[in-house]
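K.L.:
Predicted coordinates and the sequence they were generated for:
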Amino acid sequence: MSNHHQAPAIGLGIDAGGTQTRWSLAQADGTLLAEGIVSGLSALQMGSNDGRQAVRATFEELARQVLACARPQRVRAGLTGFGGDGEQLQAWLAELLGVNPGAIALCNDIEIAYRASFAPGEGYLVYAGTGSIGAFIDADGEFHRAGGRGVVLDDGGGGFWIAREALRHIWRNEDECPDCWKASPMAHAVFEHVGGADWAYSRQFIYGQERGEVGKLALAVAASAEQDPAAAAILRDAGRELARLANALVARFGPRPVALAGRAAELHPSIAATMRAALPPGVALTQTAMRAHHAAARLAARDGAAQ
């Protein structure tokens, strides 16, 4: 993160996910000026007092970092869990950044991620972070989804899903053969992450943490994949789950290129390889390290320049 003087048509892009929130400042010509990272957040947190306080605190830290670099004229923010009711979120950002509320555009984080990979109508995005979703924005700008309905219902192939599958596998085995975890590299990695081998540690972890924190356990699963066939199988299953999202969109709207993005998709090469094998012949898959906060900042800057 670096300091820059205020310049005309500076846009702020925000990509808020369950694990972390990334921001970026850009000019209308696409030049990136600065970027940073703060804690993860979800629009779903606005449903409780504690959640609202956590979101407000994250916005305060984000605004502190941003204003140390420049004051943006317009803001584009994509937030996980966003369903359209963003008046309070918009008001907080406007207050903290010193901009007009009308200069702040909010949407689902996946809409920003899609536009970082494709123009409307061009292809399908499958995003695997803490959760997972398949997305298509058609030529008329309408957003279509496959999956993305939350970790309680599904979100197959995402980080939370991988973590849950690992814990489920370990504890089902313990039901049948107590202490068999000692022979499992994946169990050793998982138990080190959650704090111990007693069920109380796993219970507190899976039920007491925010979903983004649970999703980080997928790192331990991936790290043990070369030594533990069970971990490798879970990652291959994740690839098949992500392929299901792409295949659903292909069936509905016809063949188009598919982009795979998100930190969970980068955990291990077998995820993308398994997904690719499960797609229809002729449907191209590319894995992208796209940065949605960069795309959002550039869009915001262009909005400002067009005023």
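P.N.:
Arrived safely, thanks for sending. Residues are numbered from 1 along each chain as shown.
K.L.:
element containing Gly13?
P.N.:
Assigned by DSSP states H and E, Gly13 belongs to strand 11-16.
K.L.:
Show me the contact partners of the next helix or strand after that strand.
P.N.:
Past strand 11-16, heading to the C-terminal end, the next element that is a helix or strand (DSSP H and E) is strand 20-26. Under the contact criterion C-beta atoms under 8 Å, 6 or more residues apart in numbering, strand 20-26 has outside partners 4, 10-15, 32-41, 58, 62, 65-66, 69-70, 72, 212, 291-294, 296-298, 300-301. C-betas here are computed from N, CA, C, even on glycine.
K.L.:
Let me know the angle separating strand 20-26 from strand 11-16.
P.N.:
Between the direction of strand 20-26 and that of strand 11-16, the angle (axes from the mean of the first three to the mean of the last three C-alpha atoms, to 10 degrees) works out to 170 degrees.
K.L.:
List the buried residues in strand 20-26.
P.N.:
Of the residues in strand 20-26, those buried under the neighbour-count criterion (16 or more other C-beta atoms under 10 Å) are Gln20, Thr21, Arg22, Trp23, Ser24, Leu25, Ala26.
K.L.:
nearest residue to the last one other than its sequence neighbours?
P.N.:
What sits nearest to Ala26 in space, not counting adjacent residues and going by C-beta to C-beta, 6 or more residues apart in numbering, is Ala297, at 3.7 Å.
K.L.:
sorry, back to before: now the strand holding Gly13 - C-alpha only, CSV.
P.N.:
Included here for strand 11-16 are C-alpha records, laid out as CSV according to Å, rounded to 0.1, in the frame of the first residue of the first chain:
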residue,chain,number,x,y,z
GLY,A,11,-12.5,5.0,-8.4
LEU,A,12,-12.5,2.7,-5.4
GLY,A,13,-13.2,-0.9,-5.9
ILE,A,14,-14.1,-3.3,-3.1
ASP,A,15,-14.3,-7.1,-3.2
ALA,A,16,-15.7,-8.3,0.1
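K.L.:
Report the strands that pair with it, each with its relative direction.
P.N.:
Each strand that strand 11-16 pairs with, and the sense of that pairing, follows from DSSP bridges: strand 20-26 (antiparallel), strand 74-79 (parallel).
K.L.:
will you turn these into JSON lines that also has distance to Ala284 and mean pLDDT?
P.N.:
Conversion of those to JSON lines gives the following (distance: least, C-beta to C-beta, whole Å; pLDDT from 0 to 100):
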{"stretch": "strand 20-26", "distance to Ala284": "27", "mean pLDDT": "94"}
{"stretch": "strand 74-79", "distance to Ala284": "25", "mean pLDDT": "94"}
